[in-house]
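Visitor: just coords:
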Ligand SMILES: Nc1ncnc2c1ncn2[C@@H]1O[C@H](COP(=O)(O)OP(=O)(O)OP(=O)(O)O)[C@@H](O)[C@H]1O
């Protein structure tokens, strides 16, 4: 099956600085693909290249098999874009914003009016369609930007940080729309929210300094970076005695205690056996391997240092 998005060794340099470095990627049709990375990782640069707003220094990319270098017009016809900023026309009503977009894409009023009715309904904006965007909340403006990106029925939708600044209700509503789109189109989104990537994306890529660090489903990423040697042990009694004992074991790297529950980091995976031997007579309520969150995977890959 042809890929909806294909990047081949894309490099983008700003002067001597490489924001994206020989980046390759293939995204299957119908996927919700999430690109994660700290500030300055290169996510927006990649979206700008894929949406033909910027040319790469080297390499080529294809959207629905159209080259961004030689078939920019065709690329723009098949994509919808939700940029980081709500760049609505504040002197046009919500409906007029959508209609203008339809006209710019060469649609006839008969085609775009029907589509606009559907989109206003889908995004819950029907009753506000004749109002100006400045009178809308952040969540409503964002929904209108998403609706606008869908007027011409794109095959690939790009969402650059779609829910930044939205309240939890608006975020979840937007996730619902995106989930509903999955069947008919490919979605490429960037986000800083791990729960968003976890809830929404079929496939997640973590990037930093212009290169890919990890790629897979949320479950695969957690699995691959699972801290196979961090265990939680809850004692029924004698917690104080075990605290001292555990801290003294040569194969225990660290012990964190919270009441009668201990988080024990072993120096390697094999140390579970001697640990079980030492806890042989203990009255244990619960023992489990600690699964990392997607956020812990992200931090372990990209480090804790603050970015620009
Ligand atoms: N026009 C430009 N000129 C010079 N450097 C730039 C330019 N645009 C981006 N950069 C640099 O390229 C790097 C990647 O930027 P980019 O905006 O792609 O990152 P990002 O992952 O989208 O970050 P954020 O999460 O903050 O949006 C950053 O170091 C940024 O400072």
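Guide: Yep, it's here. Keep in mind the model is a prediction, meaning the values are calculated, not measured.

Visitor: Pop the domain breakdown of this protein in here.
Guide: Using automatic domain parsing, the domain ranges for the chain come out as 5-224, 230-290.

Visitor: Kindly check the end-to-end length of the first one for me.
Guide: Yep, that's domain 5-224 we're talking about. Between the start and the finish of domain 5-224 there is a gap of 25 Å, counting by CA to CA, to the nearest Å.

Visitor: about what we covered before: of all the domains of the chain, which lies closest to the ligand?
Guide: domain 5-224 (3.2 Å; CB to the nearest ligand atom). Any C-beta I mention is one placed from the backbone N, CA and C, and that applies to glycine too.

Visitor: and the closest one, anywhere near the ligand?
Guide: Yes. Against the ligand, domain 5-224 shows contacts by CB under 6 Å from any ligand atom at 14, 19, 37, 39, 40, 41, 42, 43, 44, 45.

Visitor: so how far does stretch 170-190 reach from one end to the other?
Guide: Start-to-end span of stretch 170-190 (CA to CA) is 17 Å.

Visitor: swap in stretch 234-253?
Guide: Start and end residues of stretch 234-253 are separated by 18 Å (CA to CA).

Visitor: need the contact list for residue 216.
Guide: Under the criterion of CB atoms under 8 Å, 6 or more residues apart in numbering, the contact partners of residue 216 comprise 203, 204, 224.

Visitor: confidence score at it?
Guide: We have a pLDDT of 93 for residue 216.

Visitor: And for residue 263?
Guide: The per-residue confidence score, pLDDT, reads 88 for residue 263.

Visitor: Out of the domains of the chain, which is the most enclosed?
Guide: Relative to the other members of the domains of the chain, domain 5-224 carries the highest mean neighbour count by mean count of other CB atoms under 10 Å, namely a mean of 18.

Visitor: From the chain's centroid, how far away is that domain?
Guide: In terms of CA atoms, centre = their mean, to the nearest Å, the centre of domain 5-224 is found 11 Å from the chain centre.

Visitor: Distance of residue 159 relative to residue 59?
Guide: According to CB to CB, to the nearest Å, residue 159 and residue 59 sit 23 Å apart.

Visitor: Could you do residue 6 as well?
Guide: Look at residue 6 and residue 59: by CB to CB, they are 11 Å apart.

Visitor: Now, the contacts of residue 216 that are in helices?
Guide: When DSSP state H is applied, the contacts of residue 216 are split such that residue 224 fall in helices.

Visitor: okay, who's weakest in the contacts of residue 216 by pLDDT?
Guide: Ranked by pLDDT, the contacts of residue 216 bottom out at residue 224, which has 72.

Visitor: Tell me the spacing between that one and residue 240.
Guide: Separation of residue 224 from residue 240 (CB to CB): 37 Å.

Visitor: cool, residue 289 as well?
Guide: Relative to residue 240, residue 289 is positioned 25 Å away (criterion: CB to CB).

Visitor: Show me what the residue lying closest to residue 201 once chain neighbours are set aside bridges to in the sheet.
Guide: Nearest in space to residue 201, with sequence neighbours left out and distances taken as CB to CB, 6 or more residues apart in numbering, is residue 34 at 3.5 Å. Bridge pairing for residue 34 (DSSP bridges) gives the partners residue 189, residue 204.

Visitor: and the gap between residue 34 and residue 213?
Guide: With the distance defined as CB to CB, residue 34 ends up 14 Å from residue 213.

Visitor: picking up where we left off before, can you put the residues of domain 5-224 next to the ligand in JSON lines and add secondary structure?
Guide: Written out in JSON lines, the entries for the residues of domain 5-224 next to the ligand read as follows (DSSP: H, G, I helix; E, B strand; the rest coil):
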{"residue": "14", "secondary structure": "strand"}
{"residue": "19", "secondary structure": "strand"}
{"residue": "37", "secondary structure": "coil"}
{"residue": "39", "secondary structure": "coil"}
{"residue": "40", "secondary structure": "coil"}
{"residue": "41", "secondary structure": "coil"}
{"residue": "42", "secondary structure": "coil"}
{"residue": "43", "secondary structure": "helix"}
{"residue": "44", "secondary structure": "helix"}
{"residue": "45", "secondary structure": "helix"}
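
Visitor: Now for those: which two are most distant?
Guide: Put simply, by CB to CB the two of the residues of domain 5-224 next to the ligand set farthest apart are 14 and 37, 16.6 Å from each other.

Visitor: State whether residue 166 is indeed within a strand.
Guide: No. Assigned with three-state DSSP, residue 166 falls outside any strand and is coil.

Visitor: Which strand or helix spans the closest residue to it other than its chain neighbours?
Guide: The shortest distance from residue 166 to any residue other than its chain neighbours is 5.2 Å, reached at residue 139 (CB to CB, 6+ apart). Taking DSSP states H and E as the definition, one finds residue 139 inside helix 138-150.

Visitor: Kind regards, and thank you for your time.
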